[in-house]
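[1] build me a model from this:
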Amino acid sequence: MMTSNGFAPATKRRESSARGSLVCPLAHSCGGCQLQGMSYQEQLEWKQDYVDEVLGRFSVVAPILGMQRPVRYRNKIQAVFGRDRSGAIVSGIYRAGTHRIIPVRDCMIEDEISDKIIGTVRSLMKTFRIDPYDEDAQSGCIRHVLVKRGFSSGQVMVVLVVGTPRIPSKADFINILRQRHPEITTILMNLNDQHTSMVLGDGPETVLYGPGYIEDALCGLRFRISAKSFYQVNPVQTEKLYDIAMKMARLSGTESVIDAYCGTGTIGLVAARRGAAHVTGIELNPDAVRDAVANADRNGITNVEFVCADASAYLKELATEKRHVDVVFLDPPRAGSDERFLSSMIRLAPDTVVYISCNPLTLERDLRYLLRFGSYEVRGIQPVDMFPYTDHVETVVLMSRVDGK
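    Below is the predicted model:
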């Protein structure tokens, strides 16, 4: 149950049905789960205190919303491939700050089906004598494997990230992978032969099987997900997050809404379905915009448009044209927004701003900037645990324009 502002009531503070701490043999070498050793209740308390410390001076921080089952929640996983000192093929993650691979066979926060698919790829590489890519020698083939699974649809995408487009016995490799995992609905190949830490290369993907995308359901809508488009990795908590954001916006059917950094259009489409008169989604990634347009079509939503543009420049243009906007949703990357966007938004002067952030530190910086001009006030802060066992925490902030400013 939520209050009228969309926040969890105080009686639910730090409540969780999960008990005990996650024990992982890679806890000290992997570094992905920074809160290993804490019970889930302790993790929620730690995150609550952290958000209180960073953001509490702006407003009362509502009780954090935890998960019923805080394991196996990641619907997107990626593994780097290489060889260990004995020459055996391994897959896993890089140790922080290095190019040394920490082998991972089973991760308690990753989707179990996806983990098994990566294990099968690893074994088939040995069978077909497919070498992992060596970035320094610029030789070999498979560099990374990316797996995305729709938790609601059950559809699975596998992306083979290669250093060379020539996969030995490619057709047989794909056929056996599909036989062992009939849940796979599409397979793609992405070429990345650059000296980079990025997983996916910039070029177009080659579809090896299926339509080249998967679909999933979220908040009663169906979404198309491509290899490069952003989609929240924890769909269970994402529904809670978006429900809070919609309650904060208090859409009544007359509002003009901007969804900045819109990605595949999830927030904007939910807003369009839940009461906005018109929604404009702004996104710089053309692949994501293409998915967003397709998502609007497949859900029969017509009161929304998606623009491939720089959000800062687009808002500045709207402000110059003196266009009125009632609500702005913004969900930027971990680096937060920037002064160009924030100053453009202040000029645009929406009545309500709903800021969704995955980094309390950059959120705090951006809130300080917005409040400096006296045009807005923070009405409430709601943390959501999107990433159990890690030190990351998602936060939704409601801001309202001060009357007369």
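[2] quick one: secondary structure of the spatially most central residue of the chain?
    Centre of the chain computed as the mean C-alpha position; nearest residue by CA atoms, centre = their mean is Gln232, 3.3 Å away. The local conformation at Gln232, judged by DSSP: H, G, I helix; E, B strand; the rest coil, is coil.
[3] just the pLDDT for it.
    Looking at Gln232, its pLDDT stands at 86.
[4] hang on, Gln48 is in a strand, isn't it?
    No - Gln48 is assigned helix when assessed by three-state DSSP, not a strand.
[5] distance of it relative to Val233?
    22 Å (CB to CB, to the nearest Å). Placement of C-beta: from N, CA and C, glycine included.
[6] kindly report the same for Asp331.
    Where Val233 is concerned, Asp331 sits at a distance of 14 Å (CB to CB).
[7] who has more neighbours, those two?
    Between Asp331 and Val233, counting by other CB atoms under 10 Å, Asp331 is the more crowded of the two (24 against 18).
[8] verify the contact between that one and Gly268 for me.
    No - shown here, Asp331 and Gly268 do not form a contact pair, counting by CB atoms under 8 Å, at 10.2 Å.
[9] return the residues in contact with Asp202.
    Asp202 makes contacts with Gln194, as judged by CB atoms under 8 Å, 6 or more residues apart in numbering.
[10] can you classify it as helix, strand or coil?
    Classified using three-state DSSP, Asp202 is coil.
[11] what does the one 5 residues further on give?
    When classified by three-state DSSP, Val207 comes out as strand.
[12] for it, give me the pLDDT.
    97.
[13] mind listing what's buried in the worst-scoring helix or strand of the chain on mean pLDDT?
    When the helices and strands of the chain are scored by mean pLDDT, DSSP states H and E, helix 27-30 comes last with a mean of 77. Buried residues in helix 27-30, counting neighbours by 16 or more other CB atoms under 10 Å, are found at 29-30.
[14] could you export that helix as CSV, CA atoms only?
    As requested, the backbone C-alpha atoms of helix 27-30 are provided in CSV (Å, rounded to 0.1, in the frame of the first residue of the first chain):
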residue,chain,number,x,y,z
ALA,A,27,32.7,-13.3,-2.6
HIS,A,28,36.3,-11.9,-2.1
SER,A,29,37.6,-12.3,-5.6
CYS,A,30,34.5,-11.3,-7.7
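[15] what's the closest non-adjacent residue to Arg178?
    Ile184 (5.7 Å; CB to CB, 6 or more residues apart in numbering).
[16] count of neighbours near the one you found?
    Neighbours of Ile184 (other CB under 10 Å): 23.
[17] same question, Ser153
    15.
[18] hang on, it packs against Leu218?
    No - using CB under 8 Å, Ser153 makes no contact with Leu218, being 10.2 Å away.
[19] quick one, what contacts the residue nearest to the centre of the chain?
    238, 241, 266, 386.
[20] redo that, cut-off 7 Å
    By CB atoms under 7 Å, 6 or more residues apart in numbering, the contact set of Gln232 is Thr238.
[21] distance of it relative to Ser312?
    23 Å.
[22] for Phe223, same thing?
    The value you get for Phe223 to Ser312, if CB to CB is used, is 26 Å.
[23] those two: which has the busier surroundings?
    Neighbour tally, Phe223 and Ser312, criterion other CB under 10 Å: the higher count belongs to Phe223, 28 against 19.
[24] who's that one bridged to?
    Asp216 (DSSP bridges).
[25] isn't it right up against Gly268?
    No - counting by CB atoms under 7 Å, Phe223 sits too far from Gly268 to count as a contact (11.5 Å).
[26] what about Ser123, how many neighbours?
    Ser123 has 12 nearby residues by other CB under 10 Å.
[27] what's next to stretch 337-349, contact-wise?
    311-312, 315-316, 318-319, 325, 328, 330, 366, 369-370, 373, 375, 401.
[28] between these, which is nearest Thr164?
    Checking the contacts of stretch 337-349 against Thr164 with CB to CB, the nearest one is Ala311 at 36.5 Å.
[29] quick one: contacts for the closest one?
    260-261, 282, 341.
[30] dihedrals phi and psi, Asp385?
    phi -90, psi 100 (degrees, to the nearest 10).
[31] ok, now how distant is the residue nearest to it when sequence neighbours are not counted from Gln41?
    The shortest distance from Asp385 to any non-neighbouring residue, by CB to CB, 6+ apart, is to Gly66 (4.9 Å). Going from Gly66 to Gln41 by CB to CB gives 8 Å.
[32] more neighbours: those two, which one.
    Gly66 (24 against 17).
[33] the more buried one touches Met386, doesn't it?
    No - using CB under 7 Å, Gly66 is not in contact with Met386, being 10.3 Å away.
[34] what about the helices in the stretch 251-400 of the chain?
    Per DSSP state H, counting those that start in this stretch, the stretch 251-400 of the chain carries helices over the ranges 266-273, 286-298, 311-320, 339-348, 360-371.
[35] what angle do the fourth one and helix 360-371 make?
    Translated: helix 339-348. 40 degrees (axes from the mean of the first three to the mean of the last three CA atoms, to 10 degrees).
[36] and helix 339-348, what's buried?
    Buried, per 16+ other CB under 10 Å, within helix 339-348: 341-346, 348.
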